[in-house]
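In: heads up, no residue letters with this:
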């Protein structure tokens, strides 16, 4: 049974940092694209960042570019999201996602989702 388990969410002041982790179990995803989405209350789930299978290419939503960094460790079956200079508008539930390629992930054609981790940013 495949599971994606996120951790690292919490409460942070505006301007602060958090690092999210997502570890997969049940199979390896070293040939898959991994990424993050987020969903704020009353809003649709939106793409945040993606990283290709070997970490050689990364993709970001314009709203987080320059502040967030996605990385992965295939040996640990884990993807990370380093979030710096957090803003109140970054507050949301963050979801880890796995898809066959970047195009599929960015368009929401996701094979596996994590359960989500809450990020709260106080102003």
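Out: Received it, and whenever you're ready, just let me know what you need. Keep in mind that this is a model prediction, so the values were computed, not measured.
In: low pLDDT regions in the protein?
Out: For the chain, no stretch is flagged by pLDDT under 70.
In: Leaving out the residues flanking it, which one is nearest to residue 16?
Out: Spatially, and ignoring its direct neighbours in sequence, residue 16 is nearest to residue 86 (5.5 Å; CB to CB, 6 or more residues apart in numbering). In this view, the C-beta of every residue, glycine as well, is placed from N, C-alpha and C.
In: for stretch 10-29, which positions count as buried?
Out: Neighbour-count burial for stretch 10-29, counted by 16 or more other CB atoms under 10 Å, picks out 12, 18, 20, 21, 22, 23, 24, 29.
In: what's across from the residue nearest the centre of the chain in the sheet?
Out: Nearest to the mean C-alpha position of the chain, by CA atoms, centre = their mean, lies residue 36 at 2.4 Å. As for beta bridges, residue 36 partners with residue 49, residue 96 under DSSP bridges.
In: Correct me if wrong: it contacts residue 46.
Out: No: counting by CB atoms under 8 Å, residue 36 does not reach residue 46; the two are 10.0 Å apart.
In: Go ahead and report the secondary structure state at the nearest residue to residue 7 once chain neighbours are set aside.
Out: With CB to CB, 6+ apart as the criterion, residue 7 has its nearest non-adjacent residue at 5.1 Å, and that residue is residue 21. Look at residue 21: counting by DSSP: H, G, I helix; E, B strand; the rest coil, its state is strand.
In: ok, residue 21 to residue 42 distance?
Out: Applying CB to CB, to the nearest Å, the value for residue 21 to residue 42 is 27 Å.
In: tell me which strands and helices the helix or strand harbouring residue 47 is in contact with?
Out: Assigned by DSSP states H and E, residue 47 belongs to strand 46-51. Judged by 3 or more CB pairs under 8 Å, 6 or more residues apart in numbering; DSSP states H and E, the packing partners of strand 46-51 are strand 33-39, strand 58-60, strand 68-73, strand 78-83, helix 102-106.
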